[in-house]
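K.L.:
what's the 3D shape of this:
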Amino acid sequence: MPNVSKPMPRELADGVFWLGDCLEQRAKGKIYHTYNAAFLLCGNDASMLIETGHPKDFPIIERQLKELLASRAPLKYLFVTHQETPHSGGLGRVLARYPEAILCGDMSDYHLAFPQFADRMLPMAGGDEIDLGGRTFAAVEPVIRDRSEEH
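P.N.:
Below you'll find the model as predicted:
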């Protein structure tokens, strides 16, 4: 969880940033602190947002993206691991604000939820890679899946 002495975004490694904010969850009279992270991966030619974070964090993540991208390669890719709200809740807003960005990963039913962006969706499977310029993003098979492989 974010530490107030080290505010977000945090650079975890050269060109790898952790975005977002603390998420307070109330249960049985107590407040539990957790997070729904989003990450920015920056190459020389392109940047990629990995996850969009919780919808409540979108204004914060949007501000953090603007600040970071002001001096880095443009956001050209968005990768979400799955359709659960804390992971992809800002998907439509990110695609609307970054009209050059392409959504990558398991596309599942995204074309139904966002038909206006269907032409900006790139299905990826384990082993597929995207060159960001000096850095490569590689998709791997998930360890756990939220849905059955059978359709």
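
K.L.:
which residues does the residue lying closest to Ala139 once chain neighbours are set aside contact?
P.N.:
With sequence-adjacent residues excluded and distances taken as CB to CB, 6 or more residues apart in numbering, Ala139 is closest to Met124, at 4.5 Å. Where C-beta positions appear, they are placed from N, C-alpha and C, glycine not excepted. The neighbourhood of Met124, defined by CB atoms under 8 Å, 6 or more residues apart in numbering, consists of Phe79, Cys104, Gly105, Asp106, Ile130, Ala139.

K.L.:
of those, which one scores lowest on pLDDT?
P.N.:
Lowest pLDDT within the contacts of Met124 is found at Asp106 (85).

K.L.:
give the contact list for it.
P.N.:
Contacts of Asp106 by CB under 8 Å, 6+ apart are His82, Pro123, Met124, Ala125.

K.L.:
who is Ile50 paired with across the strands?
P.N.:
Phe39, Phe79 (DSSP bridges).

K.L.:
OK, contacts around it?
P.N.:
Counting by CB under 8 Å, 6+ apart, Ile50 has contacts Ala38, Phe39, Leu40, Leu41, Phe79, Val80, Thr81.

K.L.:
the third one against Gly20, yeah?
P.N.:
No - when contacts are counted by CB atoms under 8 Å, Leu40 is not listed as touching Gly20 (10.6 Å).

K.L.:
so what's in contact with those two at the same time?
P.N.:
Both Leu40 and Gly20 are contacted by Pro9, Gln64, under the criterion CB under 8 Å, 6+ apart.

K.L.:
phi, psi of the residue most central in space within the chain?
P.N.:
Compute the mean C-alpha point of the chain, and by CA atoms, centre = their mean the closest residue is Glu51, 1.9 Å away. Note on Glu51: its backbone torsions stand at phi 70, psi 160 [degrees, to the nearest 10].
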